[in-house]
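Visitor: Quick check, what structure comes out for this input:
(one chain, ligands or ions: 2)
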Amino acid sequence: MPGRSPSSRRSSCLDEPCSGLDPISTAKIEEALSELKKEYTIVLVSNNTKQIARATDYAAFFYMSKLVEYGITSSIFHHAGGATDRRLHPREVRIMPDCALKTEELNLFYGSFQGLKDVDFCVYTHSITALIGPSGCGKSTLLRCFNRMNDLIDDVTIKGTVLVTDRRIGSLTSFHEKKGGHGVSAAQPLSRLSL
Ligand SMILES: Nc1ncnc2c1ncn2[C@@H]1O[C@H](COP(=O)(O)OP(=O)(O)OP(=O)(O)O)[C@@H](O)[C@H]1O
Ligand SMILES: [Mg+2]
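Guide: Ligands and ions are numbered 1, 2, ... in the order given. Next comes the predicted model:
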């Protein structure tokens with residue numbers, strides 16, 4: 001889009017970035033995320049509700065492949081606040097008109113199993129958005145729609161729209177079609193490589 005700075009186009013997808021880390025390392029990562037969101041839009045999966053409460057602006061709750069609740073984290077989770085609380089608050093006004101990442105009627109199938117059902121979702125520019133919910137609800141699956149890691153999984157069917165800063169991606173229908181025609185490099189048999 002004309003006039004939009006290149007930095008606002010950058011986004012980062014993180015799947016449980018602090019899983020298994022000690023509290024000091026976790027705090028450092030949260031501090032870094034807070035700095036990074038000036039330049040990046042961040043969407044992360046976390047199963048740590050305290051971390052979500054203290055470190056994210058928005059939270060999207062998934063259940064059985066569906067997005068069932070989405071809002072400002074501080075209105076979903078209560079947190080003591082204080083000097084280290086850098087989250088967006090209900091009365092705080094920030095101008096964030098853009099969706100950095102967006103899905104419209106997104107349905108994803110692993111074979112016959114439906115991993116995402118009718119997901120309409122928007123990740124606001126320069127925010128930290130958490131994907132939360134019980135194991136198997138589709139958090140990582142959605143993240144992989146944005147960074148296209150699903151392209152590497154066989155037998156995935158994606159229907160609907162995935163937009164990354166207004167550019168449509170993820171309309172590919174099968175692994176073999178992706179390998180053949182959409183710029184994902186296919187493995188070359190050794191005999192065809194010139195060494
Ligand atoms: N490659 C795959 N093939 C078949 N089914 C898959 C595949 N990857 C994920 N699934 C299934 O899709 C559903 C959603 O998986 P996903 O990894 O997105 O869950 P999640 O919410 O990230 O869970 P967790 O919190 O355990 O990481 C699960 O039922 C999972 O078994
Ligand atoms: Mg996961």
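Visitor: For the protein, which residues score under the pLDDT cut-off?
Guide: Scanning the chain for pLDDT under 70 picks out 1-8, 78-97, 170-195.
Visitor: Let's see that with 80 instead.
Guide: 1-9, 75, 77-97, 166, 169-195 (pLDDT under 80).
Visitor: in it, which spans are strands?
Guide: Secondary structure of the chain by DSSP state E: the strands cover 11-15, 41-45, 58-63, 66-72, 99-110, 113-124, 128-132, 156-164, 167-169.
Visitor: List the contacts of the fourth one.
Guide: Outside of strand 66-72, the residues within contact range by C-beta atoms under 8 Å, 6 or more residues apart in numbering are 57-62, 76, 88-90, 116-121, 138. C-beta coordinates here come from the backbone N, C-alpha and C atoms, glycine included.
Visitor: ditto for the second one
Guide: In this structure, residues lying in contact with strand 41-45 by C-beta under 8 Å, 6+ apart are 8, 10-17, 33, 36, 56, 100-101, 123-132, 139-140, 143, 146.
Visitor: neighbouring strands for it, and are they parallel or not?
Guide: Strand 41-45 sits in its sheet next to strand 11-15 (parallel), strand 128-132 (parallel), going by DSSP bridges.
Visitor: With the third one instead?
Guide: Here strand 58-63 is paired, per DSSP bridges, with strand 66-72 (antiparallel), strand 128-132 (parallel).
Visitor: outside of it, which residues touch it?
Guide: Here strand 58-63 makes contact (C-beta under 8 Å, 6+ apart) with 52, 67-73, 76-77, 88, 121, 123-124, 127-134, 137-139, 142.
Visitor: before we move on, the earlier item: keep only the contacts of strand 66-72 that also lie close to ligand 1.
Guide: For ligand 1, the contacts drawn from the contacts of strand 66-72 by C-beta under 6 Å from any ligand atom are Gly138.
Visitor: who in the chain is up against ligand 1?
Guide: Counting by C-beta under 6 Å from any ligand atom, the residues of the chain that sit close to ligand 1 are Tyr110, Phe113, Gly115, Ser135, Gly136, Cys137, Gly138, Lys139, Ser140, Thr141, Ile153.
Visitor: go again using 5 Å as the cut-off
Guide: Residues of the chain lying near ligand 1 by C-beta under 5 Å from any ligand atom: Tyr110, Gly115, Ser135, Gly136, Cys137, Gly138, Lys139, Ser140, Thr141, Ile153.
Visitor: before we move on, the earlier item: turn the strands paired with strand 41-45 into TSV, including distance to Thr157 and mean neighbour count.
Guide: TSV is the format used below for the strands paired with strand 41-45 (distance: least, C-beta to C-beta, whole Å; neighbours: other C-beta atoms under 10 Å):
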stretch	distance to Thr157	mean neighbour count
strand 11-15	21	18
strand 128-132	21	26
